[in-house]
Each structure stands twice: as C-alpha cells, then as structure tokens.
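# After the sequence you'll find the predicted model.
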Number of protein chains: 2
Amino acid sequence: MPRPVIGVFDSGFGGLTVLKGLLEVIPDAEYLYFGDTARLPYGSKSVETVARYACEAARFLEQQGAELLVIACNTATALALEQIRAAASVKVLGVIEPGAQRAAAASRSRRVVVIGTEATISSHAYQKALAALQIESLEKACPLLVPLVEEGWVEHAVTEQVAKLYLGEAFSDGFGSADVLLLGCTHYPLLKPILHRVVPENVRLVDSAESVALAVQNLVSAGTAEVSRLSKAPQQERIGAAHARFFVTDSVEKFRRLGARFLGQEIRDITHVDLKE
Amino acid sequence: MPRPVIGVFDSGFGGLTVLKGLLEVIPDAEYLYFGDTARLPYGSKSVETVARYACEAARFLEQQGAELLVIACNTATALALEQIRAAASVKVLGVIEPGAQRAAAASRSRRVVVIGTEATISSHAYQKALAALQIESLEKACPLLVPLVEEGWVEHAVTEQVAKLYLGEAFSDGFGSADVLLLGCTHYPLLKPILHRVVPENVRLVDSAESVALAVQNLVSAGTAEVSRLSKAPQQERIGAAHARFFVTDSVEKFRRLGARFLGQEIRDITHVDLKE
C-alpha cells in the first residue's frame, strides 16, 4: 500500500516550520511542499492577489497527487481559505482555526494577543475565530519580523528591539492581562527565544505551526474518508523516515540554503516549477 | 502634437523616487508608471524570475504607448537590462550606468561604497560599471532597508542602528578612504538623512534615482531619434503639469497610500492590471 500524500503550501519558507511539526507527529506520510518563492511575500498583498496565487498552488499540489492540503501560511488561510476549498477537491486545512483553538485552551484570562503580517491582521481572521471561542483578542501587525528572520537575525539585538516595540504596544492599552501570545505567522517560531524575553513572564506562546500539525494528526486518528489510509496503514509499513519532495517557483539553491534554517534539517529533492498563471 | 510618452517601470514603489526626479527635470512629458506590486520585492529573487517579470512589464508599457522605457529598479537593471532591451522595440534606460557615472564623477579617492538589495549586489553590476570607470568599489547588500522604509520607519532609531551596522562594516576593512556612498536601490533616497549621519563626514551620497533622471534629460537634449519629439515640442505646448498614469498589479488603494510617501505628492489615475504571465 502506498504512503498517504499530504500537500503543504506556503508563500515561501515559513511553512517549513509547519512541515517540521508534521514530520514530528506523522513521520510516516509522504509530503509534497510547495513554496511560491517567486511571488513571496503574501503578507503585504491584497485578498484578490493572495487568493489567485493560493488557488493555483492548491491545484498544483493536487495534480501532484496530494490527498490532503495543509495551508501552512497564515496570510493565505486568513484571506483565501474558502476560495482554496472551492478550488480543491480534497480536504483543506488552514492554520488559523487550530491556532485559535489552542490559544483558547491555553488562556485563563480569556485575553489573547495575536501577531502576524499586515494582511493577516487586517483580515481579522484570528479575532473572529477567537471571538467564536469567547476569547477577547488584540491583533498587532509586525511587518518587520519576517524580513528580520529572513536576514538570519533570529538572535539579534535589533530584532529584540523591534519585537519590544511591537509587543510593548500590544500588551499595554488595557491588554496587560492577556496571558497568551498567538504566533500568527509561520516565520515567528524561529523568534521564540526573543519573544519569550519581551512579553510579560506569565505569557504563554502558542505556535500555529505546532497547532496545525496536531490538527492534522487528529484528522488522521479520526480516520476521515479522505485520509483514511493514513490510519489504516499497517504498522510495519510505517517504518522509515518520511519522504518529502519540494517545489519552488524561484531559485532552488536559495531554497536549499535558507530553508534548512526553518526545517531544522537539510533539504533535498527540490524542483523548480513555473506556474503559468 | 501629442506629448512624448515615457514609461517607468519598477517592482513596486521605489521607482516613484525616479519618477519624482523625472518630473523635476522633464515636467512636460507624459508618464506611464508600472509597479509590479503583486510580485514585489524583486531584490531577493533569482535572475530568471526577475527577467521574466521585467520583460512582461516592458511589453505592457510599450503596448500602452511608451516611446522610451526607464527601468527604475536597480534589481531589474542589474539582472535583466539586456533581456529587457531584447524584448522591447523602444530605447531602454537602466539606473546602474547613470548612477555609476555620477559616482565616478563625484569621487576623488576613486573608491566608492555601493549599497543595494541582495540580488543587485550579488550581480556585481555596479562593481563592473564602476571598474570600467577606473573606480574601486565595495558592495554591501542591505536587505532590511527596504522593509524598514515600507514600514514607514524612515526617521527611526531602529533604522539608524541597522544602517550603522551595515555601513560600519562597509566603510571599514580598508575602505575607510571611500568618499562616495552610491544608493543602489530606489527606496534608499528616503533614508538620506539617516545615511548621512552614519557615514564618515566627507562621504557624498549619490542617488541613482536623480542620476537616471539627468541621463534621460541628456538623451532628450541630444534629440535621439526615438525621443526627438521631446526636444522638438514648441515651448508653448510644454506648459502645464506633467500627466502621469499608474498601473499596478496589486491593490490600488495601498499604492495610493504608500506611494504618496515616495512620490512626495498625491497619486491619482491608478489602474489595476493583471499580467497573465
């Protein structure tokens, strides 16, 4: 019986933190990762543009054989989840719902601060998802954190200063009682040490990358029709490292180099693709 | 007699500093500005991707009636000028040659520091252009300066600290005698006050945006075949403000809002276009 195939999509590199989480909880699947690196970042772009790009990516992953799609990009989830679902014929999971659920479970004060890109925050997708769980939230766009991570300044004084400026504002203004910081961008897990230092001591960090991996695992354990083979595969066939193939729209070399930082291991089997939109 | 039509192309907003320079020196032309905002930034992308996008933009501007094309983007000039020239049937001017010439004229020590995006610097286009003018150069990629400008932090302590880190490295290492800083990215003119403060006192800033405007003016004065109407138009027909139309691939509203910062005046007449690549 062939391995089940999970498609993971992001605008570029950040989704690799989601793939890292998936590899930990479901190591026996086959993964197809699509990074739209020629058109990144999505975080500063409009709904129409992000939706068009994301639907093209979803169709590509399905053509490659994906049986379940994970939208490992907060901006694409926030702006285009319904359009992607309409464009795809397999089950589609976004990062926002699982992140919001995990934050709600972690908060005692029922107040959560959410950080993300300009587009994610402007969409208020997290605020709506949290409100449905009776959680009050304050959303703060942090546009410089992605470029700082991509510059490799993940433990740098400048990054700490920028994070302090963004989060100082967020945790003031009557939101001092918030006890969860929800990382609404898949680049941010790399900044966890700095973020821990700049938020009040009692604040827990909830990482949407981890949350979605657990949501996929639940789906697999529940054995839904679409991904039933994941749970039905006999134990002896699950042995061995997961296999992952990568597709990118810009330079393969750059993806190999930068991507390793996000995935925490070497990246092989990268193919350049041209989406002729 | 109709006004001559100059097409100006950039990945997004930075080219507006070039347009600003052009409006000052040739106020009587008609301008068509194309900002590829859905696919910005180009500065972190590969030669192939940037060349493909830039050629599409050049063709679009020609279809709209441009009689001369100004590539107001250092990355596109550095990576794809020859390909754009091959794709276009009108005269094409880039920013690098004019910038290098102006820097060479301004330097007494014959040593110049060049800053730009990762892609521009990796191409060594400035180093080659300057070497041809017997100028020794040190090139330094400054990937965070564009996001800092786009965050609006043009007079911010963090930006000054980042600039100090980048330029401190550049002006050390035996390059302390450099007396010109060449701004090899059209976003950087907005950072002139900060850049002045962080470089040695005797260092002059040369701005590729201004330089290309002067190069276009020279071309016009010389009355080359392609743009002869520019210089032949009788004086009385030159009266009145220049007319500019703008085409963008992402949100019109965002371009209006952010763009005004770069152009230094309100932007009207913006059309959204979809380049079906």
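Great, that's in hand.
# Would you mind naming what in the stretch 51-200 of chain A lies close to chain B?
Residues of the stretch 51-200 of chain A that fall close to chain B, judged by C-beta under 8 Å from any C-beta of the partner chain: A:143-144, A:146-148, A:150-151, A:153, A:158, A:161-162, A:165. In short, each C-beta sits where N, CA and C put it, glycine included.
# Check for me that A:L32 belongs to a helix.
No: if the criterion is DSSP: H, G, I helix; E, B strand; the rest coil, then A:L32 is strand and not within a helix.
# that older thread, most neighbours among the residues of the stretch 51-200 of chain A next to chain B, which one?
Tallying neighbours with other C-beta atoms under 10 Å in any protein chain shown puts A:V162 at the head of those, with 29 neighbours.
# Which residue, neighbours along the chain excluded, lies closest to it?
In this structure, A:V162 finds its nearest non-sequential neighbour in A:L144, 5.2 Å apart by C-beta to C-beta, 6 or more residues apart in numbering or on different chains.
# quick one, phi psi at the one you found?
phi -80, psi -20 (degrees, to the nearest 10).
# what pLDDT does it get?
Here the pLDDT value assigned to A:L144 is 97.
# Next, the contact list for it, please.
A:162, A:166, B:144, B:147-148, B:151, B:153 (C-beta atoms under 8 Å, 6 or more residues apart in numbering or on different chains).
# same thing with A:S44?
So A:S44 contacts A:117-119, A:143, B:150 (C-beta under 8 Å, 6+ apart).
# A helix includes it, no?
No: assessed by three-state DSSP, A:S44 does not belong to a helix; its assignment is coil.
# could you measure it against A:L144, distance?
As for A:S44, its distance to A:L144 is 11 Å (criterion: C-beta to C-beta, to the nearest Å).
# If you tally nearby residues, what's the number for A:S221?
For A:S221, using other C-beta under 10 Å, the count is 11.
# Ok, A:L258 next?
20.
# Buried residues in the host helix or strand of it, which are they?
Using DSSP states H and E, A:L258 sits within helix A:252-263. Residues A:252, A:254-255, A:258-259, A:262-263 are the ones in helix A:252-263 that count as buried (16 or more other C-beta atoms under 10 Å in any protein chain shown).
# In this structure A:A80 contacts A:S46, no?
No: A:A80 is beyond contact range of A:S46, at 10.8 Å (criterion: C-beta atoms under 8 Å).
# In terms of neighbours, single out the busier of these two.
A:A80 (27 against 21).
# Please tell me the pLDDT value assigned to that one.
96.
# And it, which helix or strand is it part of?
helix A:74-87.
# Could you pull up the contacting residues of A:C142?
A:115-117, A:162-163, A:166, A:185.
# ok, and the most crowded of the residues you listed?
Busiest of these [other C-beta under 10 Å] is A:G116, holding 32 neighbours.
# and that residue, bridged to which residues?
A:G116 has these beta-bridge partners by DSSP bridges: A:A141.
# Report the contact partners of the residue in the stretch 101-250 of chain A positioned nearest to chain B.
Of the residues in the stretch 101-250 of chain A, the one nearest chain B is A:P147, at a distance of 4.0 Å by C-beta to the nearest C-beta. Residues in contact with A:P147 (C-beta under 8 Å, 6+ apart) are B:143-144, B:146-147.
# Which of these fall within helices?
B:146-147 (DSSP state H).
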